[in-house]
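Colleague: Sequence below, structure please.
(one chain, ligands or ions: 1)
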Amino acid sequence: MTQWLFPPAPTPSLPIAGRPERFPVRRILCVGQNYAAHAREMGADGRPAPFFFAKPADALVTDGANPAFPGETENLHHEVELVCAIGESGVIVGWAVGCDLTRRDIQAEAKSKGRPWDAAKGFDQSAPCGPLTLGDLPDPAAAIALTVNGETRQSGRLDDMIWSPQEVLVQARRFWDVQAGDLIFTGTPEGVGPLQPGDRVEALVAGLSPLSFRMGAR
Ligand code: MN
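Modeller: As a prediction, the model looks like this:
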């Protein structure tokens, strides 16, 4: 029996729609620029190869909780994303709607100076995520959208992805031993933009449980 110096942090997890069990999260990989129009708005050209970054598992915000508004940014952005969940079989066993919160100003500085993205992407409470739906993706061409205070900001379709979720998983395995409990944020359609403290965010993928939260105070 391991004797801990202090109690280990709880295992981050997602609720599962219609099930009593929770999905234990091991780590979070994210894809950059996986929708052509968003890649263009971020300055990329052609069909870019997928690239990955990570968020810590404890960046998740779940069960209807509201994320704190992070410090050290004047340009916090929303990115609605389809999230896929890897099961014990090593394949995608479930799906959720996530929001890749991004300190866009810090990311721009990191890009220009060749610095890592951790402070831009992997900060505390940077990964709000809705409940997991197990099984096949209900509709691979489903609408994906995000509204802020009722106004549509992002609107696209899952089949606008440059790399499908299964292709993203294949690409991720080139670099990591992807295992049960891993989540992959599969990228965002165009229309990313700023959030203010108190903004009400609704993120949707047709056929999945929606993600809804209110940004905390600064
Ligand atoms: Mn993203």
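Colleague: So for Gln33, what's the pLDDT?
Modeller: Confidence at Gln33, expressed as pLDDT, is 88.
Colleague: is it true that Ile16 touches Leu134?
Modeller: Yes: contact criterion C-beta atoms under 8 Å: Ile16 and Leu134 qualify, at 6.2 Å. All C-beta atoms are positioned from the backbone trio N, CA, C, and that covers glycine.
Colleague: And these two? Which one has more around it.
Modeller: Each of Ile16 and Leu134 has its neighbours counted (other C-beta atoms under 10 Å); Ile16 has more, 18 against 15.
Colleague: what does this protein put close to the ion?
Modeller: Selection of the chain residues close to the ion by C-beta under 5 Å from the ion yields 79, 100, 188.
Colleague: Chain neighbours aside, what residue packs nearest to the residue of the chain found nearest the ion?
Modeller: Of the residues in the chain, the one nearest the ion is Asp100, at a distance of 3.5 Å by C-beta to the ion. Spatial nearest neighbour of Asp100, excluding adjacent residues (C-beta to C-beta, 6 or more residues apart in numbering): Glu79 at 4.0 Å.
Colleague: Repeat that for Gly207.
Modeller: Nearest to Gly207 is Pro138, by C-beta to C-beta, 6+ apart, at 3.1 Å.
Colleague: And for the one you found, the neighbour number?
Modeller: A count of nearby residues for Pro138, using other C-beta under 10 Å, gives 12.
Colleague: cool, the one 4 residues further on as well?
Modeller: A count of nearby residues for Ala142, using other C-beta under 10 Å, gives 19.
Colleague: In contact with it, which residues?
Modeller: Contact analysis of Ala142 by C-beta atoms under 8 Å, 6 or more residues apart in numbering lists 157-158, 205-208.
Colleague: what's next to the strand or helix carrying Cys84, contact-wise?
Modeller: In this structure, Cys84 sits in strand 80-86 according to DSSP states H and E. Strand 80-86 is contacted by residues 14, 23, 30, 92-100, 129, 132, 137, 144-146, 154, 158, 165, 168-169, 178-189, 203-205 when judged by C-beta under 8 Å, 6+ apart.
Colleague: let's see it at 7 Å
Modeller: Contacts to strand 80-86, defined as C-beta atoms under 7 Å, 6 or more residues apart in numbering, come from residues 23, 92-100, 129, 132, 144-146, 154, 158, 165, 178-188, 203, 205.
Colleague: who touches Gly18 in this structure?
Modeller: By C-beta under 7 Å, 6+ apart, no residues touch Gly18.
Colleague: How confident is the prediction for Arg47, by pLDDT?
Modeller: pLDDT, Arg47: 73.
Colleague: One more: the one 3 residues further on?
Modeller: For Pro50, the pLDDT comes out at 89.
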